[in-house]
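> Quick one, what's the 3D model for this:
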Amino acid sequence: MPNLAVDLCGVRLRNPLVLASGIWGSCAETLVRVARAGAGAVTAKSCSVALRLGHPNPTVLAWEHGLINAVGLSNPGAAAVREMARQAKRDLSALGVPLILSVFGGSPGEFAEAAAIVAEAGPDLIELNISCPNVEDEFGLPFALDPKAAAEVTAAVRRVWGGGLFVKLSPNAPNLVEVARAVAEAGADGLTAVNTLGPGMLLDIRARRPILSNRVGGLSGAALHPIALRCVYELSQAVDIPIIGTGGVSSGADALRMVMAGATAVGIGSALYGEGEAVFGRILREMEALMAEEGIASLEEIRGCAYV
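Below you'll find the model as predicted:
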């Protein structure tokens with residue numbers, strides 16, 4: 001059988017598939033279910049220092065080419081997530097599946113405070129969500145659009161967290177490589193690329209108005225995949241740190257494309273919408289079959305081969 005194990009900043013994953021931060025990471029039971037279904041690592045839903053209600057429904061909409069969402073970063077607060085993570089860690093450790101905790105804030109200090117709180121749960125990695133595109137009215141331009149701002153957030157968290165630190169970047173950034181280099185210099189150990197694209201909008205013909213209560217939301221799913229792939233391709237040539245390639249991955253072929261573009265691991269998010277956690281097992285089987293067919297013994301053989 002092909003070897004699917006990977007290493008993320010010293011954290012071993014039995015396979016490269018990572019549950020991306022989102023609504024499937026809201027509780028310990030769901031994280032463990034996803035791990036048992038085959039995920040190599042799981043990421044909890046992003047949290048802030050204080051409880052946040054997010055946007056009113058409707059917040060998630062499926063369309064022909066993916067999802068559009070404006071959940072609005074709802075979460076119970078970092079202290080509650082810390083306790084949830086402690087509960088999840090017990091079962092995840094027994095399964096050999098690492099836990100990634102994701103934080104966000106309105107300032108570098110808020111990011112650092114949230115990270116310090118969740119760090120008490122002993123996550124394997126912490127991810128900084130600096131790139132959500134559907135809360136600009138409340139938080140202003142995402143930090144991911146400005147190299148200096150992104151670096152300030154990274155440096156603030158680096159001062160309170162000595163473990164593996166990933167920064168989630170935005171496909172909207174016109175200077176994506178500059179942002180990546182800035183966060184790497186500020187102490188990031190890895191990148192998650194990318195968050196949702198947008199914001200975008202869909203209209204209800206009969207109601208003659210936007211469908212989402214927030215009017216606009218971030219685009220994910222199949223339509224995002226070629227853009228995410230290009231981002232990973234560019235980033236992997238610009239910075240020498242691991243990348244979790246995320247965006248529209250729904251098949252074994254998609255996952256292998258991410259690795260060929262330079263990703264170390266591969267995030268899965270929107271594909272769970274229609275299939276649930278079973279998507280992890282299916283994608284793994286498809287990866288193994290394709291690798292066997294192509295005579296690929298390990299992911300290391302093909303990582304970054306698209307630009308070699």
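
> List the residue ranges of this structure that fall below the pLDDT cut-off.
136-137, 308 (pLDDT under 70).

> residue boundaries of the helices in it?
For the chain, the helices defined by DSSP state H cover 28-37, 78-95, 108-119, 136-139, 147-158, 176-185, 225-238, 252-261, 272-275, 278-294.

> Now tabulate those helices in JSON lines and tack on distance to G10 and mean neighbour count.
Every residue, glycine included, has its C-beta placed from N, CA and C. Formatted as JSON lines, the helices of the chain follow (distance: least, C-beta to C-beta, whole Å; neighbours: other C-beta atoms under 10 Å):
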{"stretch": "helix 28-37", "distance to G10": "19", "mean neighbour count": "20"}
{"stretch": "helix 78-95", "distance to G10": "16", "mean neighbour count": "18"}
{"stretch": "helix 108-119", "distance to G10": "16", "mean neighbour count": "22"}
{"stretch": "helix 136-139", "distance to G10": "32", "mean neighbour count": "12"}
{"stretch": "helix 147-158", "distance to G10": "16", "mean neighbour count": "21"}
{"stretch": "helix 176-185", "distance to G10": "17", "mean neighbour count": "21"}
{"stretch": "helix 225-238", "distance to G10": "19", "mean neighbour count": "21"}
{"stretch": "helix 252-261", "distance to G10": "19", "mean neighbour count": "23"}
{"stretch": "helix 272-275", "distance to G10": "28", "mean neighbour count": "16"}
{"stretch": "helix 278-294", "distance to G10": "23", "mean neighbour count": "17"}
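
> now the ones you listed as CSV including distance to C47?
Conversion of those to CSV gives the following (distance: least, C-beta to C-beta, whole Å):
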stretch, distance to C47
helix 28-37, 13
helix 78-95, 4
helix 108-119, 6
helix 136-139, 15
helix 147-158, 13
helix 176-185, 20
helix 225-238, 24
helix 252-261, 26
helix 272-275, 19
helix 278-294, 23
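
> what's the closest of those helices to R303?
R303 lies closest to helix 252-261 among these, at 5.4 Å (C-beta to C-beta).

> Remind me what that closest one packs against, helices and strands.
helix 225-238, strand 243-246, strand 265-268, helix 278-294 (3 or more C-beta pairs under 8 Å, 6 or more residues apart in numbering; DSSP states H and E).

> Repeat the analysis, applying 7 Å as the threshold.
Contact partners of helix 252-261 among helices and strands, from 3 or more C-beta pairs under 7 Å, 6 or more residues apart in numbering; DSSP states H and E: helix 225-238, strand 265-268, helix 278-294.

> Select, out of the helices of the chain, the one closest to G217.
Among those, helix 136-139 sits nearest to G217 (C-beta to C-beta), with 11.5 Å.

> how about the CA coordinates for stretch 29-47, as PDB?
Extracted in PDB, the C-alpha atoms of stretch 29-47 (Å, rounded to 0.1, in the frame of the first residue of the first chain):
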ATOM      1  CA  GLU A  29     -18.000  14.400  19.500                       C
ATOM      2  CA  THR A  30     -17.900  15.600  15.900                       C
ATOM      3  CA  LEU A  31     -14.200  16.000  15.900                       C
ATOM      4  CA  VAL A  32     -13.800  12.400  17.200                       C
ATOM      5  CA  ARG A  33     -16.300  11.100  14.600                       C
ATOM      6  CA  VAL A  34     -14.300  12.700  11.800                       C
ATOM      7  CA  ALA A  35     -11.100  11.200  13.200                       C
ATOM      8  CA  ARG A  36     -12.600   7.700  13.300                       C
ATOM      9  CA  ALA A  37     -13.800   8.200   9.700                       C
ATOM     10  CA  GLY A  38     -10.200   8.500   8.600                       C
ATOM     11  CA  ALA A  39      -9.000  12.100   8.900                       C
ATOM     12  CA  GLY A  40      -5.300  12.500   9.600                       C
ATOM     13  CA  ALA A  41      -5.800  15.600  11.800                       C
ATOM     14  CA  VAL A  42      -8.800  17.700  12.800                       C
ATOM     15  CA  THR A  43      -9.200  21.500  13.200                       C
ATOM     16  CA  ALA A  44     -11.800  23.000  15.500                       C
ATOM     17  CA  LYS A  45     -14.000  25.800  14.500                       C
ATOM     18  CA  SER A  46     -12.300  29.200  14.900                       C
ATOM     19  CA  CYS A  47     -12.900  30.900  18.300                       C
END
